[in-house]
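In: One predicted model, sequence on top.
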Amino acid sequence: MSRQNLSLFSPVESPHDEGSSDKINLPVVLHGKALSQAQPQGSQGFPLPVDVKSLSDNTIICACRGVTKGAVVEAINMGHASLPSIANCCKAGSDCDDCHDQIAQLIVAYKPTSPKKPKLNKIEEAKLEKDGLDCLPDIQRYAASGNWEEMTEDDKHRFKWYGVFFRKQTPGNFMMRIRMVCGFSNARQFRVLADMSDEFGKGFCDLTTRQQIQMRWFTIDQVPEIWRRLADVGLTSQQTGMDNIRGVCGCPMAGLTPHELFNAEPVGRELTNDILNNKEFTNLPRKFNITITGCLENCCHTETQDIALVPSYRELEGRQINGFNVFVGGKQGSGGFTPAKNLDVFVPPEEAAALCADIVRIYRDHGFREARTRARLAFLIDDYGINWLRAELQRRSGRMLEQAGPEIRKKTHVDHLGIHPQRHLPSNEGTPLFSVGLLVPVGRITTAQMRGVADLAERYGNGEIRLTVQQNLIVPNIPESKIGALTDEPIFQELPFDPSPIMRGLVSCVGSDYCHLALIETKGWAIDVARELDRRTAGRKILPLTIHWSGCPAGCGLHQVSTIGLQGCRTRLDGEVVDAAHVCVNGNTGPQTRVAADLMYDVPCDQLADALEPLIRYLPRQ
């Protein structure tokens, strides 16, 4: 589509003679040079849309098929409210996408408002009754009484707005998800989490693929004390579940890696501060994931996100401006991995948090709220089109949007494990500093290991600890003079910085032990299969790879973006139902995004080592 046709409508002048009294009702075509001449333009930006209702019914919307505005509006009135549905009904937009943004704005403008309320799903009904942030007195009441059995289903859903998760597998014992912006943490926080997991839990925590920490096994009466201790060290569990922005991810080495265009963590923190305790963002149609990174090393699985800001630059007013290209509509569950689409927008860091907030508001106002399986941003983009989203974003922002800059990220994925040089800190100028990335097998970490990492961070670094989206940890800011002693630390026997290629790329969701959606127990199988594959391939050169496990199609383990992806299932073997997995291969995120291709189905977990060994040895790394 030509740049001049991105945003909308301009009448082409009638060819009859000036002053003629014969009024010929000619159709107006919405393509061609007249559009760019009539629309307000910026030298670098997109044209601003005009009011679609001001157009006459005989205005041609789809030039390919000659479909008028009147025909499109008639289709909308018949109940067709998405791009595919309208293309099916009146053929508008069925041959190309040049008119998709026009059709989408007509849908928004003319979609009938029925006197009957739409049939909402049960979560939407619960939110209409009470906003998630308004349930705090209910949590406090249950905490005071300890009577968790009296909790209603709506209570169990709403409590997730404060990060308190009822789990069917552990009735009476809860999970809490702790928010970490871009994975930033420190030794003091780790010690507090370890102490609480010993006192209220069973001596372990889980690191997630969203750079957060999950505590388990506490009871409802312990929640106020847990919150008090979290607040003392600058942590919160607020809005880490349900229909919220679950957490803002980013490069775990932000501000320290020499391989970044700029430090993007302050943008992630600004957005987090804007959304927390703000009811503008607590009633979304479904969960919402955001990653903001200035790292060139493709370390964040950005294409799986509802919004992903990735590093780029533009030449504006004679100078280079570093900032972000914007990708939208990525997801994992609800029908499988859908890679985020390039919105063709560039935004400087000082405007980035506001732009993300505007996209979230668009999703909040237009997202589907009837069936939760169709409620993600990806489906809104499918229905209205990427051009509509850009035009609506520009309308809300009230200013011209700059076109995207060049793609500058590396094609390969980087996990930040191992010992690496980093940027100097201002206080250590001239002193070479290093980071060490530690493998936490499948993200499950004991409280003793948490304290060990905290000790490491304080003895060798400045107390900082970073969490990665691969469920691992980084201790940064280690002077070169301490590296020799560091490598002898006993913690590396359990959390190695130089793991085998198979263990290095291992990621797993929590599985059926703690998630009612999962069909199999994943973490135990993941470790057992990886160890067996390590044994079988010992001494062989193994190309870098990732092996990701998800217990169900929701894809929390990101199995469709890995070299080898495993999705849990159940199958019958010799008359017995056993744990099994579907196998897919060669998924990837970044500039060369690929959805993993299905390869094998219903492989029993105790036979997976046999099935995967040839793949690990001979599968091409595309």
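Out: All right, it came through fine.
In: show me what contacts residue 505?
Out: By C-beta atoms under 8 Å, 6 or more residues apart in numbering, the contact set of residue 505 is 415, 470, 544-548, 562-563. (Each C-beta comes from the backbone N, C-alpha and C, glycine too.)
In: Among those, which one has the most neighbours?
Out: residue 548 (29 neighbours; other C-beta atoms under 10 Å).
In: From what I see, that one and residue 565 are in contact.
Out: Yes. Between residue 548 and residue 565 there is a contact at 5.3 Å, judged by C-beta atoms under 8 Å.
In: Max pairwise distance over the contacts of residue 505: which two?
Out: The largest separation in the contacts of residue 505, counting by C-beta to C-beta, is between 544 and 548 at 14.0 Å.
In: Got phi/psi on residue 340?
Out: Backbone geometry at residue 340, expressed as degrees, to the nearest 10, gives phi -60, psi 150.
In: In contact with it, which residues are there?
Out: 302-308, 327-330.
In: go with 7 Å
Out: 302-303, 305, 308, 327-330 (C-beta atoms under 7 Å, 6 or more residues apart in numbering).
In: same check, this time on residue 169
Out: Neighbours of residue 169 in contact, by C-beta under 7 Å, 6+ apart: 513-514, 516.
In: and with 8 Å instead?
Out: Residue 169 neighbours (C-beta under 8 Å, 6+ apart): 512-516.
In: same thing with residue 76?
Out: Contact analysis of residue 76 by C-beta under 8 Å, 6+ apart lists 86, 106-107, 110-112.
In: May I see those residues organised as TSV, with pLDDT, neighbour count and secondary structure added?
Out: Listed next are the contacts of residue 76 as TSV, based on pLDDT from 0 to 100; neighbours: other C-beta atoms under 10 Å; DSSP: H, G, I helix; E, B strand; the rest coil:
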residue	pLDDT	neighbour count	secondary structure
86	91	28	helix
106	89	23	helix
107	89	25	helix
110	88	17	helix
111	81	14	coil
112	74	10	coil
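In: for those, which one is nearest residue 556?
Out: Using C-beta to C-beta, the contacts of residue 76 come closest to residue 556 at residue 107, 32.7 Å.
In: residues in contact with the closest one?
Out: Per C-beta under 8 Å, 6+ apart, neighbours of residue 107: 76, 81-82, 86, 383-384.
In: Closest one to residue 574 out of the contacts of residue 76, please.
Out: residue 86 (52.3 Å).
In: ok, and the closest non-adjacent residue to residue 127?
Out: residue 283 (5.4 Å; C-beta to C-beta, 6 or more residues apart in numbering).
In: can you check residue 583 too?
Out: Looking at residue 583 with C-beta to C-beta, 6+ apart, the closest residue is residue 600, at 4.1 Å.
In: tell me the SS of the one you found?
Out: Under DSSP: H, G, I helix; E, B strand; the rest coil, residue 600 falls in the strand class.
In: for the chain, longest helix please?
Out: helix 349-366 (DSSP state H).
In: Could you name every residue contacting both of residue 548 and residue 565?
Out: With C-beta under 8 Å, 6+ apart as the test, residue 548 and residue 565 both reach 558-559.
In: can you pull up the bridge partners for residue 478?
Out: Beta-bridge pairing for residue 478 (DSSP bridges): residue 434.
In: Can you report how many residues neighbour the residue nearest to residue 583?
Out: Neighbours of residue 600 (other C-beta under 10 Å): 15.
In: hmm, back to that, now for the residue nearest to residue 127, how many residues are close by?
Out: Residue 283, neighbours per other C-beta under 10 Å, totals 18.
In: Give the full set of residues in contact with the most centrally placed residue in the chain.
Out: The residue lying closest to the centre of the chain (C-alpha atoms, centre = their mean) is residue 305, at 2.8 Å. Residue 305 sits next to 249, 289-291, 327, 330, 340 when contact means C-beta under 8 Å, 6+ apart.
In: Over to residue 608?
Out: 525, 529, 566, 581, 583.
In: and it, that one's in a helix?
Out: Yes. Under three-state DSSP, residue 608 falls within a helix.
In: Give me the distance between it and residue 565.
Out: Residue 608 sits 12 Å away from residue 565, taking C-beta to C-beta, to the nearest Å as the criterion.
In: what do these two both touch?
Out: By C-beta under 8 Å, 6+ apart, the residues touching both residue 608 and residue 565 are residue 583.
In: distance of the closest residue to residue 349 other than its chain neighbours from residue 323?
Out: Among residues not flanking residue 349 along the chain, residue 267 sits closest, at 5.4 Å (C-beta to C-beta, 6+ apart). Distance, residue 267 to residue 323, by C-beta to C-beta: 10 Å.
In: Residue ranges in the stretch 101-250 of the chain under the pLDDT threshold?
Out: Regions of the stretch 101-250 of the chain meeting the criterion pLDDT under 70 cover residues 113-118.
In: mind running it again at 80?
Out: Low-confidence segments of the stretch 101-250 of the chain, defined by pLDDT under 80: 112-119.
In: any chance you could map the strands in it?
Out: Remark: strands assigned in the stretch 101-250 of the chain by DSSP state E, counting those that start in this stretch are 164-166, 174-178, 184-186, 204-207, 213-218, 245-249.
In: so can I have TSV of those showing distance to residue 273 and mean neighbour count?
Out: Output for the strands of the stretch 101-250 of the chain, formatted as TSV (distance: least, C-beta to C-beta, whole Å; neighbours: other C-beta atoms under 10 Å):
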stretch	distance to residue 273	mean neighbour count
strand 164-166	22	22
strand 174-178	17	24
strand 184-186	14	21
strand 204-207	24	22
strand 213-218	20	22
strand 245-249	10	25
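In: and residue 572, which of the ones you listed is closest to it?
Out: Closest among the strands of the stretch 101-250 of the chain, using C-beta to C-beta: strand 204-207, at 30.9 Å.
In: So what touches the closest one?
Out: Against strand 204-207 from outside (C-beta under 8 Å, 6+ apart): 193-194, 197, 213-216, 440, 443-447, 450, 467, 471-473, 510.
In: partners of it in the sheet?
Out: strand 213-218 (antiparallel), strand 444-446 (antiparallel).
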